[in-house]
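Peer 1: no sequence for this one, just the structure:
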Ligand SMILES: C=C(C(=O)O)c1ccccc1
């Protein structure tokens, strides 16, 4: 496993290893206000052995919320709360990015400002659930509400929300931002023809369907710079009721356009962790041929799979989700060839310390 433990330069920062912590929704933030809580600083600081921590999906506006307990990055109170988290991670020598999120149609009227309908490229309901919070703090899954289609004139304000969120994340001390364009959320809803039936310049051809994601990338890069910006995509998979199985040409177009932006990293979430088809070597070769920059892969990876694909030059790093939930010292365990703790899914989306900050390290 030597490839996994060789440094990797991402933008202007060199990561000490290629074992990244994937963005993981954990729903521990305080409502009302979508404010990170102090327990989150302990949780992230426990995991500083990761070459880079990509913190959980964080909504850029109240409208971008689809899960009760998910944090925001649109208010000063949230910025201050995130600052304590990035300080805790940096104090222990770690690096941390924030994933900028707008759920689009994967939401519910009860989570939306003034009980409004969620917004999306078209008024097509997602075949998936949104998540509310019961009085005891436990998650309650409800069918996503039918969205309203965004007016063309509203898109400039949406792009401004991403720009402002980027400024807030930089002020909160993050080392990077990662634009969430994967998993059936807003930017992915625009990319996929199944969810995007628009007849304006944001719908129809893949050039039009990719337009919003690329305008968001350009606004975020314009606010910070390319060395501090990544993007997560989930090509040819099935996520949150959205299927792009077979849409390889769409994926290749998007990746070519992203390569021109010379971002810090491209993060690809592979579908087989969520029941979709596994990537073929041909598809991986196709991605690499179009994207010479840093590629981070994710989706049910093991250390061995990551090592093999890094050695083959098809990826540069891997992000680990559920293993990092259960193993704060995952990178150290990989290096030592140690056994891994098993995750306890019953605590993935609850509100307390149990199943969050109480997983033991090897030393324990
Ligand atoms: C932000 C998520 C994603 O990217 O899939 C998410 C949200 C809730 C539960 C699991 C994952």
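Peer 2: Happy to help now that I have it. None of the values given here were measured: they were computed from a predicted structure.
Peer 1: the helices in the stretch 201-350 of the chain, which residues?
Peer 2: With DSSP state H, counting those that start in this stretch as the definition, the stretch 201-350 of the chain shows helices at residue ranges 206-209, 211-223, 248-259, 281-290, 303-311, 322-326, 330-336.
Peer 1: Now render those helices as a markdown table, adding mean neighbour count and distance to the ligand.
Peer 2: Placement of C-beta: from N, CA and C, glycine included. Putting the helices of the stretch 201-350 of the chain into a markdown table (neighbours: other Cβ atoms under 10 Å; distance: least, Cβ to the nearest ligand atom, whole Å) gives the following:
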| stretch | mean neighbour count | distance to the ligand |
| --- | --- | --- |
| helix 206-209 | 17 | 20 |
| helix 211-223 | 20 | 15 |
| helix 248-259 | 18 | 17 |
| helix 281-290 | 15 | 19 |
| helix 303-311 | 18 | 19 |
| helix 322-326 | 20 | 10 |
| helix 330-336 | 20 | 18 |
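Peer 1: And these: which comes nearest residue 274?
Peer 2: Nearest to residue 274 among the helices of the stretch 201-350 of the chain is helix 322-326; the distance by Cβ to Cβ comes to 11.9 Å.
Peer 1: Nearest residue to residue 325 in space, ignoring adjacent ones along the chain?
Peer 2: Once its chain neighbours are removed from consideration, residue 325 has its nearest residue in residue 343; the separation is 5.0 Å (Cβ to Cβ, 6 or more residues apart in numbering).
Peer 1: how deep is the one you found tucked in, by neighbour count?
Peer 2: Burial of residue 343, expressed as a neighbour count using other Cβ atoms under 10 Å, amounts to 17.
Peer 1: for residue 119, what are its contacts?
Peer 2: Taking Cβ atoms under 8 Å, 6 or more residues apart in numbering, we find residue 119 in contact with 63, 104, 105, 147, 148, 149, 150, 154, 186.
Peer 1: on that earlier part again, for the residue nearest to residue 325, which residues are in contact?
Peer 2: Under the contact definition (Cβ under 8 Å, 6+ apart), the residues listed for residue 343 are 322, 323, 325, 326.
Peer 1: and stretch 34-46, what's its mean pLDDT?
Peer 2: Confidence over stretch 34-46, taken as the mean pLDDT, stands at 98.
Peer 1: So what touches it?
Peer 2: Among residues not part of stretch 34-46, those counted as contacts by Cβ under 8 Å, 6+ apart are 26, 28-30, 53, 55, 59, 62, 65, 70-72, 75, 77-78, 81-82, 84-85, 87-89, 91-92, 94, 96, 328, 353, 356-357, 361.
Peer 1: do that stretch and the ligand meet?
Peer 2: No: where contact is defined by Cβ under 6 Å from any ligand atom, no part of stretch 34-46 touches the ligand; the two come within 14.0 Å at best.
Peer 1: Report the buried residues of that stretch.
Peer 2: Of the residues in stretch 34-46, 34, 35, 36, 37, 39, 40, 41, 43, 44, 45, 46 count as buried by neighbour count, 16 or more other Cβ atoms under 10 Å.
Peer 1: so which two of those residues are the farthest from each other?
Peer 2: Every pair in those was compared (Cβ to Cβ); the two farthest apart turn out to be 34 and 46, at 22.8 Å.
Peer 1: hang on, the earlier thing: how close does the residue nearest to residue 325 sit to the ligand?
Peer 2: Using Cβ to the nearest ligand atom, to the nearest Å, one obtains 13 Å as the distance from residue 343 to the ligand.
Peer 1: What about the closest residue to the ligand within the stretch 151-300 of the chain, how many residues nearby?
Peer 2: Scanning the stretch 151-300 of the chain for proximity to the ligand using Cβ to the nearest ligand atom identifies residue 183 as nearest, at 4.0 Å. A total of 23 residues lie near residue 183 under the criterion other Cβ under 10 Å.
Peer 1: roughly how far apart are it and residue 240?
Peer 2: To residue 240, residue 183 is 6 Å away according to Cβ to Cβ, to the nearest Å.
Peer 1: Over to residue 102?
Peer 2: 13 Å.
Peer 1: Who has more neighbours out of those two?
Peer 2: The residue with more neighbours, out of residue 102 and residue 240 and counting by other Cβ under 10 Å, is residue 102; that gives 28 against 24.
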